[in-house]
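In: Give me a 3D structure for the following:
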Amino acid sequence: MPKLFLKYSAAVIVLAANCLLAQSPGHVQTFPLRDTTGLVAPKVNTEAATYLGRKSVRVSMEGEDHEGLVLLPGTDFGDGVIEADIALKATVPPGVRFPGFVGIAFRVRPDASHYELFYLRPGNADSADQAMRNHAVQYSAAPDFGWYRLRREWPSIYESHADLAMETWIKVRIEVAGRTAKLYLNGSSKPSLVVDGLKGEDLHGAVGLWGYTNEEAYFSNVRITPAVPQALKNGSEVAGSWEMRYASDNGGMAASMELQRDGAKVTGTWTGPLGEARPITGTWRDGYVDLSFTGDWPKESRQGAPGPVTAFLSGWIDGDSGKGRMRVQGRSDGTWTAKRKG
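Out: Here you go, the predicted structure:
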């Protein structure tokens, strides 16, 4: 057999093996958290503790009204499942209301400046006020999409109610697939919170234990099971012609967009039931867009009074497709999808 053919065959075998390795998920990582060995916590107090009969790591911090993050060593999580047991004990004086903050961060940058986060507020779960009950489980993304911005811009989308309690162990399961994440609690087969369109810029990073001041947060039995990551990359271009569909709680509509981009600035027009060639303005950030335009609510709608309206869109562009959330202020809320023309 010719040497050239043998070299070619060997190269093909090596290439095929490398492709298989690239498509295979990494190994499962477990962190019993019986002690603090290896934990990266430059601004947080960590110590081994036994809480409610279980060995764990206690996380606390000095000061007032700020969060803290402890990174698990050797983690680089993209898609897959994170499981953990979490408990929370408030340390505020008796009679002071404190619903608590405790959670798991993922896709964390090494300097902890950017991360995605699911967190629990057990003290809100049994509140007499329904609005507070709905703030029992929450999602945020540091540094740009904190709870305040998400709640103001997209009410009720990034938080929900769950049956929780202080000073008890809570099982947490986070499933991440591309730009979607789901939070499951205490072994339920149904998610307590679904985030379709994660806000963070990074598609992988470390896993961290997240807590707050005026409390003791306990963590144990963290298990990280990676999955083959979805074929996504950031930076997709928004400029171009788009056919889009808006599906909302007030019916659906088809529309089109013509968009241009100059750095982070996006301009263009929207044409559909809310008006013809309505000027769009907004921003682009590594493939993520925030857009808005003014229009007129159609007279033929069975819900909502006709008149001027403002529409807001946010979401990700991935190649020649896009998806995210859209709301027409005071009229409707839902999701949008789009395909690039031609």
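
In: Any idea how far apart the tips of stretch 181-190 sit?
Out: One end of stretch 181-190 sits 13 Å from the other (CA to CA, to the nearest Å).

In: List the buried residues for that stretch?
Out: Within stretch 181-190, the residues that count as buried by 16 or more other CB atoms under 10 Å are 181-185. For every residue, glycine as well, the C-beta is placed using N, CA and C.

In: Beta-bridge partners for the residue nearest to Phe312 when sequence neighbours are not counted, please?
Out: Counting by CB to CB, 6 or more residues apart in numbering, Phe312 lies nearest to Ser292, which is 4.9 Å off, once chain neighbours are set aside. Beta bridges link Ser292 to Thr281, Phe312, judged by DSSP bridges.

In: distance of Ser292 from Val328?
Out: Taking CB to CB, to the nearest Å as the measure, Ser292 falls 11 Å from Val328.

In: hang on, the earlier thing: correct me if wrong: the residue nearest to Phe312 contacts Ser314.
Out: No. Here Ser292 lies out of contact with Ser314, judged by CB atoms under 8 Å, at a distance of 9.4 Å.

In: one step back: neighbour-wise, which of Ser292 and Val328 wins?
Out: Using other CB atoms under 10 Å as the criterion, Ser292 and Val328 rank with Val328 on top: 20 against 16.

In: these two touch, right, the more buried one and Val309?
Out: Yes. The pair Val328 / Val309 is scored as a contact, 5.2 Å apart, by CB under 8 Å.

In: By mean pLDDT, flag the weakest helix or strand of this structure.
Out: Lowest on mean pLDDT, DSSP states H and E among the helices and strands of the chain sits helix 3-23, with a mean of 39.

In: So which residues make contact with stretch 196-205?
Out: 76-78, 106-110, 114-116, 140-141, 144-145, 150, 176, 178-181, 229, 232-234, 285-286, 288, 314-316, 323-325, 335 (CB atoms under 8 Å, 6 or more residues apart in numbering).

In: could you redo the last one with a cut-off of 7 Å?
Out: 76-78, 107-109, 114-116, 141, 145, 179-181, 229, 232, 234, 286, 315-316, 323-325 (CB atoms under 7 Å, 6 or more residues apart in numbering).

In: Write a ChimeraX command that selects only the buried members of the residues you listed.
Out: In ChimeraX, this line selects whichever of the contacts of stretch 196-205 come out buried by 16+ other CB under 10 Å:
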select :77,78,107,108,114,115,116,141,145,179,181,229,315,316,323,324,325
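
In: Pull up the overlap in contacts between Ser292 and Val328.
Out: Among the neighbours of Ser292, those also in contact with Val328 (CB under 7 Å, 6+ apart) are Ala311.

In: Can you show me the helices along this structure?
Out: Counting by DSSP state H, the chain has helices at residues 3-23, 130-133, 147-153.

In: elements contacting the last one?
Out: Where contact means 3 or more CB pairs under 7 Å, 6 or more residues apart in numbering; DSSP states H and E, helix 147-153 is packed against strand 137-142.

In: how deep is Val92 tucked in, by neighbour count?
Out: 12.

In: same question but for Glu243, I mixed them up
Out: Glu243 has 13 nearby residues by other CB under 10 Å.

In: quick one: pLDDT of it?
Out: Note on Glu243: pLDDT of 98.

In: these two touch, right, it and Arg340?
Out: No. With contact defined as CB atoms under 7 Å, Glu243 does not count as touching Arg340 (8.1 Å).
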